[in-house]
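*Asks:* Give me coordinates for this.
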Amino acid sequence: MASLQPLEQTVFNFSVGFVMLGLATLATGTVFCGPWVSAWVLLPGFWPKPILAAVRSLPRVLRRPLGAYRARNALSVFGIVAILMGACYALVPPSQSDAVRYHLGALQEYLKNGRIGYLPLNSASNFPFLVEMHFLVAMSCAAPEAAQLMHFTVMIISCLAVLAFCRRFAEPLFPAADGCSLSTVRAVVGLAYAAVPVSFVVASWPFIDHAVTLFLLVALYAVLLASRGGTVSAFAVAGLLAGGLMGTKYTAGPLAVLVGVIGLTEIVGGRMPPGSSRSPGKCAVAWTIPAFLTGGVWYLKNFQLTGNPFYPLAHGVFGGGEWSSGNTQFYAAKMAEKGLPKSLLNLCLSPMDATFQFYRYENNYLGPWLLVLLIAGVAGIAVLRGRPESRPVVWSTVLALVYYVLWFFTYQSNRMLMTWIPLVLPAVFCFLLYLASDTRLSAFRVAAGALTMSVAYGLSWGVQQEYTRVAPPTLEYLLGGNSRERYMSESLNYWQAYQKLNETVQPDEKVLLVGEHRIYGANFRAIWSDWFDTPAAAYFLRQHNCKSVEDLEAALRKEKVACILVNDAELSAGGQKDRYFKPRFSSAEWEILESFLKRHETNRHTIPPGVSIYRWDVTASK
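*Replies:* Reported below is the predicted structural model:
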């Protein structure tokens, strides 16, 4: 691989270490899952010199003379303050739906079971879980907030990766740019990804989105460098990073393959150094083997547990698990509710729609970035016409285009569009440097000013969202005015009921969850299901062939189900009960469940804001 700058060394060492430690956690966890010293915090120990060198290589916070760099200096200071505030927000307890359902909820169940294994009726736990393996270490140390700081750290590394990519491939294309303009462009592009409102907020959640961004960018970055370095080991590292991309989520698999195709195209197209003895075939094999070894383990795990390497996807081909065609239809219907109907015309209209009608896209706010970068990115590609040395920037833009189309025709959530932004930023970087000449300074000031204001607006919006628009109040918790228990009770309507069950349910007893798909916080053994899986109560009725209330009662006693929790507060929100929950039962199944609950009404205990616990003696005879 080409000689790396300190900033590049930090990005690549972090990324490679992230993959290897994640796989090591998976290998360990399949045998034993329990408390251990967090290996994740030792990650910097692998690269103390590179990280110190990278810090020194970063642009100074303040550049002199202060008058000449006032806009750039103000943006840098503001960006650092905003990022520090975002990191503080990551210290509040996790309560987001996806986190408490599976990002952390599934990991809790692994720890409860003593190993990583199959979780019935929780198909999301079969997704590629590279990022969650790091979260698992945090969970095993009883520090779930550390998982949020991990994700926040990945966002920072993603910003550094964007900056490093632009400095490597875009900056040399415009050597005439003056130092003041170049410094401003570096600051704007370096902060742009963090300044996307949804990106900034999601960074403080235990999600995976920033890891998808990081590994897509570094996988492309590495294969472009390898095609210019010409060594087999460079392609092996690039393949390992592509495997890391495959380990983040299912839809990243095709993108990893596309990155490999780009690398092969670069080799065949003559980008290898003159006199290199490495054949394209050897380089392709060197990339492919690590990619599929490190990325394929998640699919191999699924095949071993369910017989379906892509579970719950491709169920019609492989089958496996408890997934059904009805679940597939339900998932497709939920996807269809988001964004615009899937057509070529709507694809063209979607940037405008996603910007201004963002509530259709899971209410994730992108700010002005989608439109601003689309315009600037197209302009950047236009100024690169006829310049073969600009191929890396063009490839990044091609990948951005493919990603956007894939996003539109799959899951239209604005949160997923965060990954598109770093891919188009190199073209934007080129456009700004193109304008940064003596003859175009006025246009540069307009363009750079618009992007600077977008950065300031996005960071301001993110901080305001985290500290003034969320409940319970963030500052109250951080300053000690709210306990963790109270914070969780105010955030999650089921929390108080779970704490009650944690105290009363015996180790050999189980709880059946009805209308509740979030397992995080449950120390008891539960029969539960994820949102898109068959509801646990419906599956239980079918599994035990219950034709009457008496059959259900006998089955519950046989399985030692001592309690049923019914979250009416959750089911009543947004009409979920009638729209999404009840229709997944047959009329006979629903009648049996309701009749059973009415029969045990005297054993019902309701906990605010509307969670009912039905309890009986499982050892009693019929």
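*Asks:* make it CA atoms for all contacts and neighbour counts henceforth
*Replies:* Noted.
*Asks:* OK, contacts around residue 524?
*Replies:* 501, 502, 505, 506, 507, 509, 510, 511 (Cα atoms under 8 Å, 6 or more residues apart in numbering).
*Asks:* Identify the residue spatially nearest to the fourth one, adjacent ones excluded.
*Replies:* Closest residue in space to residue 506, ignoring its immediate chain neighbours: residue 524 at 7.8 Å, by Cα to Cα, 6 or more residues apart in numbering.
*Asks:* returning to that earlier point: among the contacts of residue 524, who's most crowded?
*Replies:* Within the contacts of residue 524, neighbour counts (other Cα atoms under 10 Å) peak at residue 511, which reaches 24 neighbours.
*Asks:* Which residues does it form beta bridges with?
*Replies:* Judged by DSSP bridges, the bridge partners of residue 511 are residue 526, residue 563.
*Asks:* Going forward, the N-terminal residue is numbered 22.
*Replies:* Sure thing, new numbering starts at 22, so read that last one as residue 532.
*Asks:* Please look at it and residue 578 and confirm they touch.
*Replies:* No. In this structure, residue 532 is not within contact of residue 578 by Cα atoms under 8 Å, at 11.4 Å.
*Asks:* if I look at the two, which residues touch both of them?
*Replies:* Common neighbours of residue 532 and residue 578, using Cα under 8 Å, 6+ apart, do not exist here.
*Asks:* burial of the nearest residue to residue 418 once chain neighbours are set aside, as a residue count?
*Replies:* Leaving aside its chain neighbours, residue 418 sits nearest to residue 445 (5.3 Å; criterion: Cα to Cα, 6+ apart). Neighbourhood size, residue 445 [other Cα under 10 Å]: 27.
*Asks:* do residue 164 as well
*Replies:* So residue 164, with other Cα under 10 Å, has 15 neighbours.
*Asks:* Can you give me the distance of it to residue 546?
*Replies:* Separation of residue 164 from residue 546 (Cα to Cα, to the nearest Å): 21 Å.
*Asks:* And for residue 627?
*Replies:* Distance from residue 627 to residue 546, by Cα to Cα: 20 Å.
*Asks:* So those two - more neighbours on which side?
*Replies:* Neighbours were counted for residue 627 and for residue 546 using other Cα under 10 Å; residue 546 has more, 20 against 16.
*Asks:* Relative to residue 525, how far out is that one?
*Replies:* Applying Cα to Cα to residue 546 and residue 525 gives a distance of 12 Å.
*Asks:* swap in residue 638?
*Replies:* Per Cα to Cα, residue 638 is found 12 Å from residue 525.
*Asks:* shared neighbours, the two?
*Replies:* Common neighbours of residue 638 and residue 525 (Cα under 8 Å, 6+ apart) do not exist.
*Asks:* Would you map the strands across the stretch 222-371 of the chain?
*Replies:* Counting by DSSP state E, counting those that start in this stretch, the stretch 222-371 of the chain has no strands to list.
*Asks:* repeat for the chain
*Replies:* Ranges of strands within the chain are 531-535, 546-548, 582-588, 625-628, 632-636, based on DSSP state E.
*Asks:* Give me the residues contacting the longest one.
*Replies:* Meaning strand 582-588. With Cα under 8 Å, 6+ apart as the test, strand 582-588 has contacts from 515, 526, 530-537, 577, 631-639.
*Asks:* In this structure residue 175 contacts residue 234, no?
*Replies:* No. Between residue 175 and residue 234 there is no contact, the gap being 9.1 Å when judged by Cα under 8 Å.
*Asks:* quick one: contacts for residue 368?
*Replies:* With contacts defined as Cα under 8 Å, 6+ apart, residue 368 is in contact with 426, 429.
*Asks:* Okay, buried residues for stretch 303-320 please.
*Replies:* For stretch 303-320, burial by neighbour count (16 or more other Cα atoms under 10 Å) applies to 304-305, 307-313, 315-320.
*Asks:* do stretch 342-360 as well
*Replies:* By 16+ other Cα under 10 Å, the buried positions in stretch 342-360 come out as 342, 344, 345, 348, 349, 351, 359, 360.
*Asks:* From residue 224, how far out is the last one?
*Replies:* It stands for residue 360. The value you get for residue 360 to residue 224, if Cα to Cα is used, is 23 Å.
*Asks:* before we move on, back to that, touching, the residue nearest to residue 418 and residue 392? I think so.
*Replies:* No. With contact defined as Cα under 8 Å, residue 445 does not reach residue 392; the gap is 11.7 Å.
*Asks:* CSV for the strands of the chain, including distance to residue 33 and mean pLDDT?
*Replies:* Listed next are these as CSV, based on distance: least, Cα to Cα, whole Å; pLDDT from 0 to 100:
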stretch, distance to residue 33, mean pLDDT
strand 531-535, 44, 97
strand 546-548, 41, 97
strand 582-588, 46, 96
strand 625-628, 50, 95
strand 632-636, 48, 96
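*Asks:* What are the boundaries of the helices in the stretch 272-421 of the chain?
*Replies:* Along the stretch 272-421 of the chain, the stretches classed as helices by DSSP state H, counting those that start in this stretch are 273-289, 301-327, 336-339, 346-357, 365-377, 390-404, 412-429.
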